[in-house]
Structure formats: C-alpha cells, structure tokens
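> for reference, the sequence and a predicted model appear below.
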Amino acid sequence: MQGRQCLKTKVFEQYVLPVMTYGSETWSLTMGLIRRLRVTQRAMERAMLIVSLRDQIRNEEIRRRTRVTDIAQRVAKLKWQWAGHIARRTDGRWGLKVLEWQPRTGKRSVGRPQTRWTDDIRRVAGSR
C-alpha cells in the first residue's frame, strides 16, 4: 500500500502541481485565491487517500500521510523566482516597464485598491 501512495504523490508533484500553478508567477496573490488553491489541493489529497470529509480526518494528518508540497508555498516560491529574474534584467524589455507603469491620470479607481503584483512583493520584502 505504501508504494502505491508514493506513486500517487509523485504523480501529483510532477503533473498536477505544475498544471495548477502554471503562470502563477504573474498572479496577484489574494487571500481568496490562496484559499481556493488550498481547498482544491486538499480535495485532491483526500481523493488520493480515498478519505471522505465524513471521516473527519484533520488536514494536518492528511498532509502528513501524502507528504506533498503546499501549493501556496510553491506559488510564493515561483513568484519570488520570477521577481528576481525581472529585477536583474537590464536590457529594457517590457517586463520591468509594466511593473513600474502608472495610469495617465495618476489615480486609481475609487474604493479599496485591488492587490497588485508588486504589492505582495513589497509586503514581504519592504518598500525597497
């Protein structure tokens, strides 16, 4: 039984997680998005173990059994790798220009501003 679980974990890590996180380097990470990703991952882990919600097994126990990477950590790692890649660019391509772009009017729409890609980076790294 342990060998079968190891195979399921490998398939999940090598095929499912890359598909779920494709393009996540450019996402604006909101709490709602992270929650949806984690819920989806937990549902897949429960399916891997053939465990129902009615069994009332805690998420920590399921994660301990499956030993898969947390999707939120993977997305954050990919985003930081991409940010480093963009920060090191000096050839004038559009990636850095898009990050520093300001609207012509200089104002954003009324209400609470939506989370931008750089907001998450600044929240963790500081304003530098």
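That came in fine, so what should we check first? Bear in mind the structure is a predicted one, so any value in this text is a computation, not a measurement.
> list phi and psi for residue 88.
phi -80, psi -10 (degrees, to the nearest 10).
> that one: how many residues sit nearby?
Counted with other Cβ atoms under 10 Å, residues neighbouring residue 88 total 8. (Glycine included, C-beta is placed from N, CA and C.)
> so which residue is dead centre in this structure?
Closest residue to the average C-alpha location of the chain: residue 75 at 2.7 Å, with Cα atoms, centre = their mean.
> so what's that residue scoring on pLDDT?
According to the prediction, residue 75 has pLDDT 91.
> list the helices and strands the host helix or strand of it packs on?
Assigned by DSSP states H and E, residue 75 falls within helix 71-88. Using 3 or more Cβ pairs under 8 Å, 6 or more residues apart in numbering; DSSP states H and E, the elements in contact with helix 71-88 are helix 17-20, helix 31-49, helix 94-99, helix 117-125.
> quick one: mean pLDDT over the first one.
Averaged over helix 17-20, pLDDT sits at 92.
> what about residue 119, distance to residue 88?
As for residue 119, its distance to residue 88 is 21 Å (criterion: Cβ to Cβ, to the nearest Å).
> and what of residue 121?
Taken as Cβ to Cβ, the span from residue 121 to residue 88 is 14 Å.
> then residue 27?
With Cβ to Cβ as the criterion, residue 27 and residue 88 are 21 Å apart.
> cool, residue 48 as well?
From residue 48 to residue 88 the distance is 38 Å (Cβ to Cβ).
> do residue 25 as well
The value you get for residue 25 to residue 88, if Cβ to Cβ is used, is 14 Å.
> list phi and psi for residue 116.
According to degrees, to the nearest 10, residue 116 has phi -90, psi 170.
> confidence score at the closest residue to it other than its chain neighbours?
Leaving aside its sequence neighbours, residue 116 sits nearest to residue 28 (Cβ to Cβ, 6 or more residues apart in numbering; 5.9 Å). Listed pLDDT for residue 28 reads 82.
> before we move on, what SS does residue 28 have?
Classification of residue 28 using DSSP: H, G, I helix; E, B strand; the rest coil returns coil.
> which residues does it contact?
114-117, 119-120 (Cβ atoms under 8 Å, 6 or more residues apart in numbering).
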